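> I would like to see how this sequence folds:
(one chain, ligands or ions: 1)
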Amino acid sequence: MKFFLDTANIEQIRNGVHLGLVDGVTTNPTLVSKEEAVFEERIVEICQVVRGPVSAEVVATDFETMLSQARSLASLNEHVVVKIPMTVDGMRVVNVLSSEGVKTNVTLVFSALQALLAAKAGASYVSPFVGRLDDVGNDGMQLVQEIIEIFSNYGFATEVIVASVRHPMHVLQAALMGADVATIPYDVLLKLFNHPLTDSGLKRFMSDWQMYERKQQQ
Ligand code: G3P
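Numbers count the residues shown, from 1 in each chain. Model (predicted):
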């Protein structure tokens with residue numbers, strides 16, 4: 001299972017890469033808007049740190065402009081994956097980019113049929129937003145299960161990125177379902193390390209070792 005970091009923050013990305021756990025990065029206009037950096041420059045910077053797929057999103061909704069932005073983003077670095085919204089024009093763009101060998105990540109996926117359309121259009125990745133579905137009383141991870149089943153039924157090569165991850169349970173369920181990727185906010189990545197029994201167990205080992213050393217010195 002691949003871990004992507006869902007952030008445009010270069011410090012978080014550097015820290016995640018140092019942990020040896022980051023296989024790629026996803027950004028979106030909201031995440032980029034939180035940063036001071038120039039968008040294209042930040043994408044190149046991220047590509048130099050990560051050396052894996054880096055999703056950069058188009059910021060238009062019509063076919064011509066999205067296609068032109070997508071080609072320009074793809075030319076920034078070989079690792080760029082162009083994020084395209086799940087719309088009629090968006091899937092036309094994905095179809096063209098797929099024939100040109102440009103990798104795509106179809107974003108804002110909220111139904112299994114949308115994921116099927118994206119796969120048929122030739123998307124490299126689809127991003128079901130599980131947290132946002134949970135927020136409106138739906139079951140985000142149930143959607144992931146359906147997408148995995150459909151892709152497996154027909155042998156689609158499109159990879160499933162579990163996106164809008166809010167907590168470790170999303171990551172655990174994604175792993176149990178065999179999702180290809182979870183794109184994880186940095187704070188959630190750090191939470192994956194934690195267990196209270198690890199903390200108390202380590203404290204006990206340290207204090208028992210101190211007692212043992214004191215006994216040895218007597
Ligand atoms: O990158 C897309 C997705 O992960 C956004 O998550 O938390 O804004 O719903 P969120």
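
> what packs against the helix or strand that contains D208?
If you go by DSSP states H and E, D208 is part of helix 196-217. With contacts defined as 3 or more Cβ pairs under 8 Å, 6 or more residues apart in numbering; DSSP states H and E, helix 196-217 has no helix or strand neighbours. (C-beta placed from N, C-alpha, C; glycine too.)

> could you give the mean pLDDT of it?
On average, the pLDDT along helix 196-217 is 97.

> CA atoms of it as CSV?
Extracted C-alpha coordinates of helix 196-217, given in CSV (Å, rounded to 0.1, in the frame of the first residue of the first chain):
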residue,chain,number,x,y,z
PRO,A,196,-0.9,4.1,24.7
LEU,A,197,0.4,0.6,25.4
THR,A,198,3.5,1.4,23.4
ASP,A,199,4.1,4.5,25.5
SER,A,200,3.5,2.8,28.9
GLY,A,201,5.4,-0.3,27.8
LEU,A,202,8.4,1.8,26.8
LYS,A,203,8.3,3.8,30.1
ARG,A,204,8.3,0.5,32.0
PHE,A,205,11.3,-0.9,30.0
MET,A,206,13.3,2.3,30.7
SER,A,207,12.6,2.4,34.4
ASP,A,208,13.3,-1.4,34.8
TRP,A,209,16.6,-1.0,33.0
GLN,A,210,17.6,1.9,35.3
MET,A,211,16.8,-0.3,38.3
TYR,A,212,18.9,-3.2,36.8
GLU,A,213,21.9,-0.8,36.2
ARG,A,214,21.7,0.5,39.7
LYS,A,215,21.8,-3.1,41.1
GLN,A,216,24.8,-3.9,38.9
GLN,A,217,26.7,-0.9,40.3
